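Student: Here is a sequence with its predicted model. Questions after.
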Amino acid sequence: MSRPYLMIPGPIEFTDEVMSEMSRPTPSHVDPAFIEVFGQALERLRTVFLAGPDYQPFILAGSGTLAMDSAVANLVEPGDRALVVDTGYFSQRMADIVQRYGGEVTLLSAAPGETITPEQLRAALAEDACDLVTITHVDTSTGVLTDVKGLSAVAKEQDALVIVDGVCAAAAEEMRQEAWGVDVYLTASQKAIGTPPGLGLLVASPAALAKWRGRKHPVGSYYSDWGYWLPIMQAYEARKVGYFGTPAVNLVMALNVSLQQILDEGMEQVFARHVLLSNAVKAGLAAMGMTQLPADMAHAAHTLSCPCYPEGIDAGFLRFVRAEGAILAGGLHPVVKSKYFRIGHMGAASRADVLTALGAVEAGLRQAGYAVEPGVGLAAAQAVLA
Ligand SMILES: *Cc1c(COP(=O)(O)O)cnc(C)c1O
């Protein structure tokens, strides 16, 4: 490929089949063929999240932040108490949104690169009972993977609702929404789910819908109110006409193709591929002499890697990497931003893609003046992939 390869934690590289949907003539949002596509996309989203038929998917025009807003606006009432499991930048955003809708936030914060364990959550909830627990599945600012299964189980001991920001995890990290007791799992189109930016996606449990139905106060956001969107999602799934706001027609068509590609591969295979590619990247980085921001590889994400710059190297080196064929991202967590960079390897990413990224990092490091033996990172990655 002559253009550099986009390997940041979203947007990612999309498949040719997905991109060709974007260039098709835009049908009416009430065209029967489009109604069928929207209905399929809702069904497939629920399947990708491993949720049962009584779970309600929403596909909204907006970014991942809108999906966060939609979950919180509908499930938090003034005075509700929320415990925010804080593993970095996007957990802080979740706390801000909860406060915006009148919720009272208790932060349970991990140092950058650390996570929160179920025992820590149990202790925090014992001190401070909460109506709601929010979790960032993969914190994109630190590359930390949080134990959604373990934390949800603890939240359920207290009957708290669980909202999980899966924007950098959905359709990549293992996640079983119904089996794990997740009440809302949400994501954005441009990350591992593999569609250009512009859709906020969420799936709500029957308990979440019951909490929303029992609200005493109106939802504080007009656009996010499920009262408008639920009938629309139900109509499309029943293959009927519905209108509240015009859906992002081409993006929904592209999403439907991407979801089918994910389901054709199979969820277990998708989860396993992300583990394999991540292990290869992390082995390659270690072989080049780099440490990584997650303090323990046992809680490192499989959708991205966050290597620390070696001695004498800073973000300036990313332009050499780009010239060598890979666009990577700088740091994001405000406390440690200048110490690390980020490589995304999610969605349709393949073995060839991660080798491209590692090769570009090796060559970029040499150009920036850091002595790394040619091929050492690639050899370590190949050994994992073999
Ligand atoms: C990217 C990201 C978001 C924000 O999504 P936008 O589409 O940029 O609004 C939220 N949470 C996490 C974990 C993310 O990675």
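Tutor: Looks like it arrived, so ask away.
Student: What residue spans form the domains of the chain?
Tutor: With automatic domain parsing serving as the domain definition, the record reports that the chain contains domains spanning 5-10+266-385, 16-265.
Student: Off-centre distance for the last one?
Tutor: So that's domain 16-265. Domain 16-265 has its C-alpha centroid displaced from the chain centroid by 10 Å (C-alpha atoms, centre = their mean, to the nearest Å).
Student: do the same with the first one
Tutor: Taking C-alpha atoms, centre = their mean, one finds domain 5-10+266-385 lying 18 Å from the centre of the chain it belongs to.
Student: Between the two ends of that domain, how far is it?
Tutor: In domain 5-10+266-385, first residue to last residue: 20 Å (C-alpha to C-alpha, to the nearest Å).
Student: what's the answer for stretch 226-246, then?
Tutor: Between the opening and closing residues of stretch 226-246 there is a gap of 15 Å (C-alpha to C-alpha).
Student: Next, the residues that contact it from outside, please.
Tutor: Contacts of stretch 226-246 from elsewhere in the structure, counted by C-beta atoms under 8 Å, 6 or more residues apart in numbering, are 29-30, 32, 35-36, 38-39, 42-43, 56-61, 70, 74, 204, 209, 212, 219, 222-223. In this view, the C-beta of every residue, glycine as well, is placed from N, C-alpha and C.
Student: how about a cut-off of 6 Å?
Tutor: Counting by C-beta atoms under 6 Å, 6 or more residues apart in numbering, the neighbours of stretch 226-246 from elsewhere in the structure are 29-30, 35, 38-39, 42, 58, 74, 212.
Student: Mind naming the longest helix for this structure?
Tutor: helix 267-287 (DSSP state H).
Student: Partner strands of the next helix-or-strand element following that one, with direction?
Tutor: Note on helix 267-287: by DSSP states H and E, the next helix or strand toward the C-terminus is strand 304-305. The strands that strand 304-305 pairs with in its sheet are strand 341-344 (antiparallel) (by DSSP bridges).
Student: wait, does the strand it pairs with contact the ligand?
Tutor: No - when contact is scored as C-beta under 6 Å from any ligand atom, no part of strand 341-344 falls within range of the ligand; the minimum is 9.8 Å.
Student: What is the subsequent helix or strand relative to that strand?
Tutor: The element immediately downstream of strand 341-344 (helix or strand, assigned by DSSP H and E) is helix 351-367.
Student: Residues in contact with that following helix: which ones?
Tutor: Under the contact criterion C-beta under 6 Å, 6+ apart, helix 351-367 has outside partners 5, 7, 277, 280-281, 284, 317, 320-321, 324-326, 343, 345, 372, 377-378, 381, 385.
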